[in-house]
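# mind folding the following:
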Amino acid sequence: MLRRALAGEVAVVLPRDRGGELRVVDPASYDPAGTGREHPALVLFTSGSTGAPKAVALSAAALTASARATERFLAGPGRWYLTLPDNHIAGVQVLLRSILAGTEPVVAQGRFTAEGFAADVGRMTVGAEEAAGSEESGGRRSPAARTPLYTSLVPTQLVRIMADPRAQDAARAFDAILLGGSAISPALLTAAQAAGLRIVRTYGMSETCGGCVYDGHHFDEVAVTIEDGRVALAGPVVADGYLRVEDSDHGLRLIALPDSGTGFGHTATGARSFLTSDLGRLDAGVLEILGRADDVIITGGENVSPHAVENTLLALLEPHGIAEVLVTSVPDPEWGEALVALLSPAAGARSGDRRTGGAGTGVDAGTAPEATPGPGTGTVSGAGASAAEQLTEQVRDLAAGTLPRHALPRHVYAVDSLPVRSIGKPDRAAARRLAGELLGPN
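A predicted model of the protein is given here:
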């Protein structure tokens, strides 16, 4: 069906939730509503990590431009391994790139595990070697005969791969591993690269057909600027805009929404553009993301970027066995909002006494409430306030020389897993609810 969408024959509407039903819409059921826009090839919903999901209209031209730019940035057309939900842009792009490359993707089955990853990649590499071997000439394999192997992961998946030697070995087979979706731990990135994994950090979103900035460098047809601190992207990969999707007894109807107030627009040269909610800066043309404008927490009259605090705390706490950090806030009568840090210990620190500090470090996740969450929920049960207060004091002392006083978390809790959405992005709304539950009535 995606082939027909790329050919302009139909519009494909991906489900809001993983496992939902893919819908096919006739172009006649599309209403440009005075925008002058053509019917989309693909409609998908944003992750909704900071608000209600939005329906994004992507043209066949934009999707093709994105896939071809990826090929140019990497080692050309390749064979892909799909581990991500195919109702999100990162997952469906693996399928679209495969179609345009004329290759068959390998699709992971069920919940992602390091063991399953290693087994799938093993079968994938055997197939690639057999295909290349059939084109050998004179006893030597032609370098051009080998099809590059690619995959796209989120950091949580990479954490699991790095904890499993067999999966780590399998990951070395890929010519590139695209990594995005959430904040990337510097220590994790360094360890993966030291292990011989070819990591490419990606930045993009549904509104830009996925990643359009790789390792801080934008695609050749994409322009990146900073407008009042926010990242603006322009070029052929930018979406047509947002839609309203109406369901009735007669099927889906797609109605284009105007650009006004959405961030979409055009540059002076007519290129499609999108002003993101991401804060960033350019250093010699290299983009660095600093956080999100709509995530900023005002505490005691000071603006705090959770992203910046997360990165700082993670760098400080990783040596003490903390794998992930998520910063949120709860209402506070004195400060307006009080910062709360949720810590997820690394695999080795989740058993035994859960001590993460070691001798002399002064950081002990074992003092925090014991956590027994359901998958991806971050739900925590048990233990008392004094343990959490002790952990909070330890983390604040450790970060006092690095973070300004107003950016130090006022509450710190250890949980076995952070709240995430299906694509692996932090679920900040769920994190705020969880922090309120942990803190309890004041």
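
# secondary structure element holding the closest residue to Leu290 other than its chain neighbours?
Among residues not flanking Leu290 along the chain, Leu279 sits closest, at 4.3 Å (CB to CB, 6 or more residues apart in numbering). (Each C-beta comes from the backbone N, C-alpha and C, glycine too.) Secondary structure from DSSP states H and E places Leu279 in strand 272-283.

# any idea which helix or strand comes after that strand?
strand 286-292.

# can you pull the buried residues of that next one?
Under the neighbour-count criterion of 16 or more other CB atoms under 10 Å, strand 286-292 has Leu287, Ile289, Gly291, Arg292 buried.

# neighbouring contacts of it?
With CB atoms under 8 Å, 6 or more residues apart in numbering as the test, strand 286-292 has contacts from 50, 203, 213, 216-218, 224, 231, 277-282, 305-308.

# the residue nearest to Leu290 bridge partners, please.
Assessed by DSSP bridges, Leu279 has beta-bridge partners Arg230, Gly291.

# which parts of this protein are helices?
Assigned by DSSP state H, the chain shows helices spanning 2-6, 60-73, 89-101, 114-133, 155-162, 165-171, 186-194, 306-317, 385-399, 428-439.

# okay, now the unreliable bits of the stretch 51-200 of the chain?
51, 127-145 (pLDDT under 70).

# so how far is stretch 148-156 from its chain's centroid?
From the chain centre to the centre of stretch 148-156 is a distance of 11 Å (CA atoms, centre = their mean, to the nearest Å).

# how deep is the nearest residue in space to Leu408 that is not next to it in sequence tucked in, by neighbour count?
Of all residues not flanking Leu408 in the chain, Arg396 sits nearest, at 5.0 Å (CB to CB, 6+ apart). Using other CB atoms under 10 Å, Arg396 has 17 neighbouring residues.

# before we move on, what about the one 5 residues further on?
Around Gly401 there are 7 other residues, counting by other CB under 10 Å.

# so how far is Asp249 from it?
Gly401 sits at a distance of 64 Å from Asp249 (criterion: CB to CB, to the nearest Å).

# quick one: buried residues of stretch 250-270?
Leu252, Arg253, Leu254, Ala256, Leu257, Asp259, Gly263, Phe264, Gly265.

# among these, name the ones in strands.
Leu252, Arg253, Leu254, Ala256, Phe264, Gly265 (DSSP state E).

# farthest-apart pair in those, please.
By the measure CB to CB, Leu252 and Gly265 form the most distant pair in these, at 26.8 Å.

# what's the average pLDDT for stretch 339-359?
Taken as a whole, stretch 339-359 has an average pLDDT of 62.

# swap in stretch 26-33?
Average pLDDT, stretch 26-33: 96.

# do the same with stretch 215-228
97.

# one more: stretch 270-279?
The model assigns stretch 270-279 a mean pLDDT of 95.

# same question for stretch 249-259.
93.

# out of the buried residues of strand 286-292, which is nearest to Leu314?
Using CB to CB, Gly291 comes nearest to Leu314 of the buried residues of strand 286-292, at 13.6 Å.

# my read is that Pro426 contacts Leu434, right?
No. Applying CB atoms under 8 Å as the test, Pro426 and Leu434 come out as separate, 11.4 Å apart.

# spit out the residues that contact these two alike.
Pro419.

# how far away is the closest residue to Pro404 other than its chain neighbours from Ala399?
Leaving aside its chain neighbours, Pro404 sits nearest to Glu302 (7.9 Å; criterion: CB to CB, 6+ apart). Distance of Glu302 to Ala399, given as CB to CB: 16 Å.

# how about Asp278?
Asp278 is 24 Å from Ala399, by CB to CB.

# just to revisit the earlier point, what residues are up against the residue nearest to Leu408?
Leu408, Pro409, Val412.

# closest one of the residues you listed to Val43?
Pro409 (39.2 Å).

# one step back: tilt between the strand holding Leu279 and helix 60-73?
Interaxial angle of strand 272-283 relative to helix 60-73 (axes from the mean of the first three to the mean of the last three CA atoms, to 10 degrees): 30 degrees.

# what's next to strand 272-283, contact-wise?
50, 62, 205, 207-208, 224-227, 229-236, 238-240, 263-267, 287-294, 305, 307.

# returning to that earlier point: mind checking which of Glu302 and Ala399 has more residues around it?
Per other CB under 10 Å, whichever of Glu302 and Ala399 has more neighbours is Ala399, with 21 against 13.

# who's in contact with that one?
When contacts are counted by CB under 8 Å, 6+ apart, Ala399 touches Thr312, Leu313, Leu316, Leu408.

# quick check: it vs Val296, distance?
Distance check for Ala399 against Val296: by CB to CB, it reads 19 Å.

# for Asp175, same thing?
For Asp175 relative to Val296 (CB to CB), the value is 38 Å.

# now swap in Asp228 and tell me
13 Å.

# name the residues linked to Val330 by a beta bridge.
What pairs with Val330, by the bridge criterion (DSSP bridges), is Ala338.

# which non-adjacent residue is nearest Ser305?
Gly291 (3.6 Å).

# for that neighbour, give me the pLDDT.
Looking at Gly291, its pLDDT is 84.

# now the one 4 residues further on
The model reports Asp295 with a pLDDT of 85.

# pretty sure it is touching Ser305, no?
Yes. With contact defined as CB under 8 Å, Asp295 and Ser305 form a contacting pair (6.8 Å).

# I figured Pro345 hits His320, correct?
No. Pro345 lies out of contact with His320 (CB under 8 Å); the separation is 9.1 Å.

# more neighbours: the two, which one.
Pro345 (25 against 22).
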